[in-house]
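need a structure here:
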Amino acid sequence: MKYKRKIIWIFAAVALLAVISGTLLWAKNNLTNMSYEKFKSLTAEQQIKVFHRMTGPQIYTLVESSDENWPVTAYDLISPENAKESIVLFNNNGDLHFNLAWPPYGGFLPESIASMGELSGKLDVSRDGGDGGYSISYGRNADGSYPNDSERSVPKSSALVRTGTLDVDRYCQVAQIVTNGKSEEDRLSALKDMGYDEETAKRFISDQAAWLERDEVAGPNNIEDGVKAAGHTVDSRYGYYGTTAPWVAGNLKLEGGSGQLETIFSWGALCDSGLIYDIGTAEIR
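Next comes the predicted model:
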């Protein structure tokens, strides 16, 4: 009888191991073949769990095949080998989307964060990215060149950046009107008095509203969290300036250290309105 029970227990254990192995194999294959459409059909909780279980190559393939593929298609230093460390499923108040695992606090060194309202005059600025972005590098190196992408903590080996000059004083005037808490009609009127047409004035207002919803402003570990971590206060109405933090993710090692602005209007709006002028391009490596 004892011998029979032992045999039964052995068969039961083997069967259990077979089920577990089959389940693990199914899960591995299921993750390997996970399409973006299937991934987005999952609940938010399921997406988070699945993404956490994925390997770097699986994450890279999922992101690459998605309509949110910019984290891999726009940056040649993001690879299947470092995707596990460099790409996140970002949760901005319930909005799940792919993003790069930038350093926290909007990529700033927290002790460097200050208000753009403290700046004045004209600034050399440049941006590696599209018109819709709000993060802008400022200043140049001692030899007159613009900071490279490692100094910007941007995962590219080289880039053709857009360049220009920012009129900080006029920018702050516009920012003060847009954030003064008055009605949209009053703000539009004040912006028109500065010489802007209605389309540009409305764009300033809509850009600032969109800025307030961005990951680096509204998400976890946002810029204001960095301000608090540094133990000081900053007037956020004008946006922020400071120094970029280094970024290490797997085999990706970016040095940081360049000047960075987080403006309340997008690069495109700043250029189209004339707040950034003398627009050109420069190649950086």
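
which residues are contacting the helix or strand harbouring S206?
Using DSSP states H and E, the element containing S206 is helix 198-211. Outside helix 198-211, the residues that touch it by CB atoms under 8 Å, 6 or more residues apart in numbering are 134, 174-175, 178-179, 184, 187-188, 191-192, 196, 217, 239, 263-266, 269, 272-273. Every residue, glycine included, has its C-beta placed from N, CA and C.

ok, stretch 84-93 next?
By CB under 8 Å, 6+ apart, the surrounding residues in contact with stretch 84-93 are 44, 47-48, 51, 54-56, 59-60, 63, 71-72, 78, 96-101, 155, 213, 215, 218-220, 249-250, 252.

tell me which of those residues fall in helices.
A44, Q47, I48, F51, G56, I59, Y60, V63, P71, V72, D215, A218 (DSSP state H).

just the buried residues from the residues you listed, in ChimeraX please.
To isolate the buried members of the ones in helices among the contacts of stretch 84-93 in ChimeraX, using 16 or more other CB atoms under 10 Å:
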select :47,51,56,59,60,63,71,72,215
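
G129: how many residues sit nearby?
18 (other CB atoms under 10 Å).

doesn't it fall inside a strand?
No. Per DSSP: H, G, I helix; E, B strand; the rest coil, G129 lies outside any strand segment and is coil.

ok, it - contacts?
Neighbouring residues of G129 by CB under 8 Å, 6+ apart: A74, S135, V154, W267.

and the third one, how far is that from Y146?
Okay, so that is V154. The gap separating V154 from Y146 is 12 Å, by CB to CB, to the nearest Å.

for A159, give me phi and psi.
phi -160, psi 160 (degrees, to the nearest 10).

spatially nearest residue to it, not counting backbone neighbours?
Spatially, and ignoring its direct neighbours in sequence, A159 is nearest to D128 (4.6 Å; CB to CB, 6 or more residues apart in numbering).
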